[in-house]
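> what's the 3D shape of this:
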Amino acid sequence: MRAEAVSILTPTEIRNIRHYVQHKYSDLPSDQRAEIVADAMQRIVLKQLPDFPEVIKNKLTAELLRDIVAVQLTPVSVAHIFEACLSLDFGKSELFQPIHAWTEQQLRTSIDTDAFRELLGDAVAGRESNNHGLQSWNRLIVQAVATGIPYDKNLITQLAPGEGSEVIKLPLAKRSFIRSAIYAILSVMLVTGTLVYGWQMLGNIVLQKPQPPIVTKPVQEIIIHDKNELPSELQYTAINEKQLVQYLQKKSSLLAEEPYLHAILNVAKEMDIHPLLLFAITGQEQAFVPKTHKLAKEIANNPFNVFHSWSEYNTTIEQSTRIAAKTINRLSKDRPNNKDAITWINREYAEDRYWSKGVTSILQAMKRYIQSDIER
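Residues are numbered from 1 along each chain as shown. Just a heads-up that it's a prediction; the model follows:
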């Protein structure tokens, strides 16, 4: 049990892997470099998993990289691994024994087989009924301590990221009868005092004639954007959708159709990003996904190439747009005053150092063709 959740694959490590591969294999095409990066990330996560059969480990690794690293944009932790494992059938010895040994290793203690089976069953039941999420790992630790399982008292309970908390020493001994009696008397006094005060307040209430209902005007919807540090010209503004569709149709783009068009427009509004910036990125990454491509519908699910490429991470247009937008907002922060915003985003979004020039060129061309309502 460590002072804080152990991060197995942090954004810094991913960035370092990408930089290393980019320099060491600079002569390879970008898609092959992306495969090398993905393989390195997979091997890092695989080493941290319980000793399950290989097919199970590969499945869990894919889920962790997809759901935690790509979607949530957070490091993989021990708590994430434990939560992912709870979907397995631990009635099988080839699965129960590895998770038992792995948990003992993480907690640095020895847990009786029957006791652990009960703890694991509670964790699985809690996840299925109440969707405890990352709390499953914390609850297992607390229950292990409460049931008297020995542990290293010099260590601190490992909590899930963002749940900073102290270890609470659970009282295992029963309270004395005298202390319980005192608590009971104080509770009765408190309840009695509250009731008396309530009756006095009721006696002072003056009955009034019912007042006519107050007619209120509908409140205009307030949209709260996801904060970013993009310059004003790259933040959200309404655009002429008809002109946008015409521009995309000239490119024979599948993104001119639904659900792709409004999925991107809606996320742009929600995340406070200029819609044309998102479309410009699809132009740089996938030439706006021409309908003539035999795999156009697959590519259109991830035209931003989030999580390396559309072929490695094929999801929905809504999810890939949201991931791309969150990445843009995250990378827009802490930008030096003398640094171009798209160039600043380029440092991590793409391995190609000329990516920002391509996106900027496409964005300017789109703006010339598609005048926003504000710019008119």
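> which residues does stretch 28-43 contact?
Residues outside stretch 28-43 that contact it (Cβ atoms under 8 Å, 6 or more residues apart in numbering) are 9, 14, 17-18, 21-22, 25, 61-62, 65, 69, 308-309, 312, 351-352. For glycine as for every other residue, the C-beta is placed from the backbone atoms N, C-alpha and C.
> just those residues now: which is nearest residue 274?
residue 352 (21.5 Å; Cβ to Cβ).
> where do the helices sit along the stretch 51-200 of the chain?
Here the stretch 51-200 of the chain has its helices, by DSSP state H, counting those that start in this stretch, at 54-64, 78-85, 93-107, 113-130, 135-146, 177-203.
> ok, and what's touching stretch 266-274?
For stretch 266-274, contacts defined as Cβ under 8 Å, 6+ apart pick out 223, 225-228, 230, 233-237, 275, 277-278, 318, 321-322, 325-326, 328-329.
> quick one: which of the residues you listed sit in helices?
Of those, the ones assigned to helices by DSSP state H are 275, 277-278, 318, 321-322, 325-326, 328-329.
> neighbour-wise, give me the winner out of those residues.
residue 321 (28 neighbours; other Cβ atoms under 10 Å).
> per-residue pLDDT, residue 333?
Note on residue 333: pLDDT of 90.
> same check, this time on residue 20
79.
> assumed it was part of a strand.
No - using DSSP: H, G, I helix; E, B strand; the rest coil, the assignment for residue 20 is helix, not a strand.
> how many residues are close by it?
Residue 20 - counted by other Cβ under 10 Å - has 13 other residues nearby.
> domain parsing of the chain, as residue ranges.
According to automatic domain parsing, the chain comprises the domains 7-146, 232-369.
> tell me the most buried of these?
domain 232-369 (a mean of 18; mean count of other Cβ atoms under 10 Å).
> secondary structure element for residue 8, which one?
Per DSSP states H and E: residue 8 is located in strand 7-9.
> residues in contact with the closest residue to residue 231 other than its chain neighbours?
Closest residue in space to residue 231, ignoring its immediate chain neighbours: residue 341 at 5.3 Å, by Cβ to Cβ, 6 or more residues apart in numbering. Residue 341 sits next to 230-231, 234, 332, 335 when contact means Cβ under 8 Å, 6+ apart.
> distance of residue 341 relative to residue 234?
Counting by Cβ to Cβ, to the nearest Å, the gap from residue 341 to residue 234 is 6 Å.
> over to residue 266?
18 Å.
> and for residue 347?
16 Å.
> what does residue 68 give?
Look at residue 68 and residue 234: by Cβ to Cβ, they are 28 Å apart.
> equivalent analysis for residue 368, please.
Per Cβ to Cβ, residue 368 is found 16 Å from residue 234.
> could you find the closest non-adjacent residue to residue 85?
Counting by Cβ to Cβ, 6+ apart, the residue nearest residue 85 is residue 99, at 5.7 Å.
> contact partners for the one you found?
Contacts of residue 99 (Cβ under 8 Å, 6+ apart): 50, 52, 85, 88, 90, 120.
> next up, the contacts around the residue nearest to the last one when sequence neighbours are not counted.
It refers to residue 120. Spatial nearest neighbour of residue 120, excluding adjacent residues (Cβ to Cβ, 6+ apart): residue 90 at 5.9 Å. When contacts are counted by Cβ under 8 Å, 6+ apart, residue 90 is found next to 96, 99, 117, 120, 124.
> for the spatially closest residue to residue 106 that is not a sequence neighbour, give its distance to residue 103.
Nearest residue to residue 106 in three dimensions, chain neighbours excluded: residue 78, at 5.6 Å (Cβ to Cβ, 6+ apart). Separation of residue 78 from residue 103 (Cβ to Cβ) stands at 10 Å.
> contacts only, for residue 280.
With Cβ under 8 Å, 6+ apart, residue 280 has these contacts: 359-360, 362-363, 366.
> find the pair from the ones in helices among the contacts of stretch 266-274 with maximum spatial separation.
Every pair of those checked by Cβ to Cβ; the farthest is 277 and 318, at 17.5 Å.
> quick one, helices of the stretch 251-376 of the chain?
Under the criterion DSSP H, counting those that start in this stretch, helices of the stretch 251-376 of the chain are mapped to 260-271, 275-286, 296-299, 317-331, 341-349, 355-369.
> let's have those in JSON lines, adding distance to residue 30.
Shown next, in JSON lines, are the helices of the stretch 251-376 of the chain (distance: least, Cβ to Cβ, whole Å):
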{"stretch": "helix 260-271", "distance to residue 30": "23"}
{"stretch": "helix 275-286", "distance to residue 30": "10"}
{"stretch": "helix 296-299", "distance to residue 30": "15"}
{"stretch": "helix 317-331", "distance to residue 30": "17"}
{"stretch": "helix 341-349", "distance to residue 30": "13"}
{"stretch": "helix 355-369", "distance to residue 30": "10"}
